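Engineer: predicted model and sequence follow; I will ask about them next.
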Amino acid sequence: MNIAAMTFRLRVSRVHSPKKKRMIVKSLTAQPQNGFHVSAAEIDEQDTHQIIVIGDAAIVPHNAMADSLMEKISLLVDENCEAKILEETREIG
């Protein structure tokens, strides 16, 4: 068993309120949770309106599945988000 963990640092330039940020964060955490059964949460920069840091984690049986899952999550975030991805980190442990 392995743990696949990802962190996305995103910038949303047109967000100027906590309410708008919450809507985007909710979407960014719900889609991977519902589509891939992973844990997802906002993990940093909660007080900054235009920066969103999301963490995703899942338990996987082997490294190949971890790589595949992380690639699918990355594509989901990239295609379904109005934010620009500033940084993406991946870890398998």
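Structural biologist: Perfect, I can see it now.

Engineer: by residue count, what's the longest helix in this protein?
Structural biologist: Longest helix of the chain, by residue count under DSSP state H: helix 18-36.

Engineer: average pLDDT for it?
Structural biologist: Averaged across helix 18-36, pLDDT comes to 92.

Engineer: same question for stretch 44-57.
Structural biologist: Stretch 44-57 carries an average pLDDT of 93.

Engineer: that one: end-to-end distance?
Structural biologist: 15 Å (Cα to Cα, to the nearest Å).

Engineer: what comes up buried for it?
Structural biologist: Going by neighbour count (16 or more other Cβ atoms under 10 Å), the buried part of stretch 44-57 is I51, I52, V53, I54, G55, D56. (C-beta placed from N, C-alpha, C; glycine too.)

Engineer: same thing with stretch 35-42?
Structural biologist: By neighbour count on 16+ other Cβ under 10 Å, the buried set for stretch 35-42 is V38, A40, E42.

Engineer: ok, which stretches of the protein are strands?
Structural biologist: Along the chain, the stretches classed as strands by DSSP state E are 2-11, 39-44, 51-60, 84-92.

Engineer: re the thing from before, and of the buried residues of stretch 44-57, the nearest to L76?
Structural biologist: Closest approach to L76 among the buried residues of stretch 44-57 (Cβ to Cβ): D56, at 9.8 Å.

Engineer: the closest one contacts A40, doesn't it?
Structural biologist: Yes: between D56 and A40 there is a contact under Cβ atoms under 8 Å: 4.7 Å.
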